[in-house]
Every structure is written in structure tokens, then in C-alpha cells.
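# Here is my input; please provide its structure:
(one chain, ligands or ions: 1)
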Amino acid sequence: MAYPSPSSNTPSDVDDNSSVMPPSSSSTSADLDRPPDDGPAPVSWPEDGLVTPSWARDLISTLDWASRRIPPSDLPRFLPVEVFDRLVLTASKLLHKEPNLLRVEVGEGFSGEVVVVGDVHGQLHDVIFLFEDAGFPGDDRIFVFNGDYVDRGAWGLETFLILLAWKVCLPDRVYLLRGNHESKYCTSVYGFEKEVLTKYGDKGKHVYRKCLGCFEGLPLASIIAGRVYTAHGGLFRSIPVTPSKRSKGKKNRRIHLNPEVSTLSLGSLEELSKARRSVLDPPWEGLNLIPGDVLWSDPSMNPGLSPNTERGIGLLWGPDCTEEFLKKYQLKLIIRSHEGPDAREKRPGLSGMDEGYTIDHVVESGKLITLFSAPDYPQFQATGDRYRNKAAYIVLKPPDFDTPVFHTFVAVVPRPKANPYYDFEYVIDSDEELDLAAMVPAAP
Ligand SMILES: [Mn+2]
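Reported below is the predicted structural model:
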């Protein structure tokens, strides 16, 4: 199926019976200062540079309105590229300073709760519902997002930007981890790149580049209250290195993968902390393998660690590895995401994603949970037979923050009409079968 031309890309609310027409994209510049019909004023950057909760909520309502009432290519009229630049620059600075492994501390009088969210994949309206249902971030509510903000859904940019707004507004109340879709490879195949180019036109390349730069800064994993490990894919390997014989002299110092260590072993949090995460695409070969593992791995019911051959990157890990990891670090839970109903359909031995979460491993020290927060996913599906999956988020409460309370929710209906930004009939269900040849080669 050919990618639809932007001129055909005019959404309208399905149940909207009003006669309001979307503004023409050929408006003259004189119209630009004046919102069409009853539309909101264009978003402006706060004069003092301080993003407040009310600014973040205004941004949400403007983007929600725009997603229902205007063609995607009119978005810059309501979210000027200058405002995008300020928001992404401010967020990128914050995110790049964060460590690979975030410590989400809940001590010192914090009596609120921690909300953990899985994949959202550009389903803006469901994310807005999630905030309304769980409550917005604030003094008594911390959010940890497990990545995959963009791709597949039609509003990846809007979704990512509202999360960045909350991050900038409350940096120690909102934590955004990286998903495998926050990469150059995935966004070029699953729609986000085309989405941005469609929405921002001649500024599109600039906007896309800034988003990729921000993705590179996203941290990899978190430990909540010293009890719960979260990451998009999950566990990761140790990268055993031995100095070569020539390394005694300072010249020609080389590090080699120890050829005797061909069996995989679980990596440590120290190794995770030292990994180099600022890569557009996590490499699947070479020495910097931990980011790819954390973002792409999946649990298995078979013991041990093995290469994730279905995906072509990352690992499969068994219940014994979950136990080893939890016990070593005195944790009770692993909450990972990364597998929706389409991926789970092809994974015999593991539960389906109908309810938005699964409990995959139950071991002596605790549990491994998969959490998926995009209901009725994917937004665009080749077959009429949709998964109609529910989604879920997890609330962790004091005093221990290690007993998950699951909140299941359904998709916001009707979902505004939109055209896809990727060939969803050709790009099949799941993001397995990674096309390694198309990926940027691993940096040396
Ligand atoms: Mn994923």
C-alpha cells in the first residue's frame, strides 16, 4: 500500500457533527496569528522559561484539539517550531545528565505513589486518559515510563512532547526511559520519521534530528525505592573483557572479548552504569552490547541466557536469570515492557497481552512482569480482526513500593481518524525480524 499523500491526510472526529471545517493549509500568513474557528492560541514558550503544570496541561489540550480538528501539516501553526526547539533543548539537557540507571528515591517524607507505564506508541488520547485516570505527576505522584513513546500510532510527536513537558516541569517526579523505538532505525521503518516530516514540512528534518538527539539522551533503566527494576526490554549480558598480551606497554593497548567466555552471563548494575548509551541505534555487535540488550531483550520460559534470534538483537533470559538478578540486588520485581499483543501471539509458553500485563516469572525472590500501556494496539492493522487488547499501568505504594497494583484500561473511543505514516500492511505485526543491514553500523 502506497504511503498516502499529505493532502489526503485530513482527520476529523468520527462523532463530530459540527460543520467546522479544518483550516486550509494554504492559509495566507496574515491568518497565522488568528486561531481558526474556536481553536486555541498557538503555544508560546513561557516568558520566564519556567514550564509549569498548567503550561503542560495547556499543551496537552492544544495537541489533543489539533489531533482532532486540523490536518497534521497545520500543526506548526499551533506548536511553532521555535517552541518545539526550546522544549526539546531544555529536556535534552536534563536527560543527558541523568545516569544510565536512575535511582528513583521515595524516602524523606514522600508518602505518595509511583506509577509505572509501558509502551504507548503514539496513542496520544490513551496517554491523556492514563494521566487523567492515574492522576497527573506532582508532589505525591512519580511517573516512570518504560519507553516506546513513538512509532506505529499517528501522534508519536505529540505524545513524546507532552512527556517532555512534564519532565521539564517536574524533573524529579517524571522519569523517561528509552525504548527500542527511540532509535533511528525503528523510527525510519515504523512511522515516526514520516510523521514528523509530514507535520513539520520543510522544518521536518530539523525536528526529526532534534528528536533523535533527545532519544540518545534517554536513560536505560531505573530502580524504584531500591526494590523494583524497570527497563524497556529487561536484563542484559556481562561484557567480559581481557586485556590482550600487548597491553602491558601503553602503546597498542587493546581490549579483546575474551574468546574463552563464549557462554553468556548476566551483567551487573555496575556494567549497566558504565555502558555508552548515546548511540542512535544500539549496536548488536562489538563491545557496547548492554544498551541493545536492555532495550530489545525478552523473557523466556527456558532457563539461561541465549541470543534473541527472533529479533536479531538482545537476549532471551530464563526464570533462573530473573532469580539471580533479583537475589543479587535484593529486589522484588522486574517490570519490563516491549511486547504487545502481536508479539505475544507468537510466543508459545508466555501469556497473551489481553489485559495489558502478564506475570511471566514467579521465582523465590520475586516476580517478572511485562507491562504494556497501549490499548487496542496497533492503531493501524492490516486485518479486520483486531486484538482489542486492554492496556495497563502499575501503581506502587508505600511503605515498600514492591507490590504492584494493576490498573487496566481500554482505548479512548472514538479514536480520531488519521492516516498511517508507515506501510502497516507490509511492515508486519511485530518488530521482530530486525533488518540488521538497514541499521547504522555500530560505532567503533
Ligand atoms: Mn519495544
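
# can you give me the helices for the stretch 51-200 of the chain?
All helices of the stretch 51-200 of the chain, identified by DSSP state H, counting those that start in this stretch, fall at 53-69, 75-78, 81-97, 124-134, 156-169, 184-189, 192-200.

# how about these, which one is nearest the ion?
helix 184-189 (8.1 Å; Cβ to the ion). All C-beta atoms are positioned from the backbone trio N, CA, C, and that covers glycine.

# Skip ahead from the lowest-mean-pLDDT helix or strand in the chain and say which helix or strand is next.
None of the helices or strands of the chain scores lower by mean pLDDT, DSSP states H and E than strand 255-257, at a mean of 56. Next helix or strand after strand 255-257 toward the C-terminus (DSSP states H and E): helix 269-274.

# next one: phi and psi at the residue of the chain at minimum distance from the ion?
With Cβ to the ion as the measure, H338 is the residue of the chain nearest to the ion, at 3.9 Å. With angles defined as degrees, to the nearest 10, H338 sits at phi 80, psi -20.

# From D172, how far out is it?
From H338 across to D172, the span is 26 Å (Cβ to Cβ, to the nearest Å).

# just E285 next, same as before
For E285, the distance to D172 - Cβ to Cβ - is 37 Å.

# now A225
The value you get for A225 to D172, if Cβ to Cβ is used, is 14 Å.

# So these two - more neighbours on which side?
Neighbour tally, A225 and D172, criterion other Cβ atoms under 10 Å: the higher count belongs to A225, 21 against 9.

# Quick check: the more buried one touching P399?
No: A225 is not in contact with P399 according to Cβ atoms under 8 Å; the separation is 9.1 Å.

# since we're on the closest residue to F131 other than its chain neighbours, how many residues are nearby?
Once flanking residues are discounted, F131 sits nearest to I60: 7.6 Å by Cβ to Cβ, 6 or more residues apart in numbering. I60 has 21 neighbours, counted by other Cβ under 10 Å.

# I128 is in contact with I60, correct?
Yes: I60 lies in contact with I128 (Cβ under 8 Å); the separation is 5.9 Å.

# Give me the common contacts of those two.
I162 (Cβ atoms under 8 Å, 6 or more residues apart in numbering).

# so where is this structure shaky, pLDDT-wise?
1-37, 242-262, 428-444 (pLDDT under 70).

# one more time with 90, if that's ok
1-39, 107-111, 240-263, 348, 382-385, 424-444 (pLDDT under 90).

# Next to the ion in this structure, residues from it, please.
148, 180, 338 (Cβ under 5 Å from the ion).

# got a markdown table for those, with neighbour count too?
Output for these, formatted as a markdown table (neighbours: other Cβ atoms under 10 Å):
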| residue | neighbour count |
| --- | --- |
| D148 | 30 |
| N180 | 28 |
| H338 | 28 |
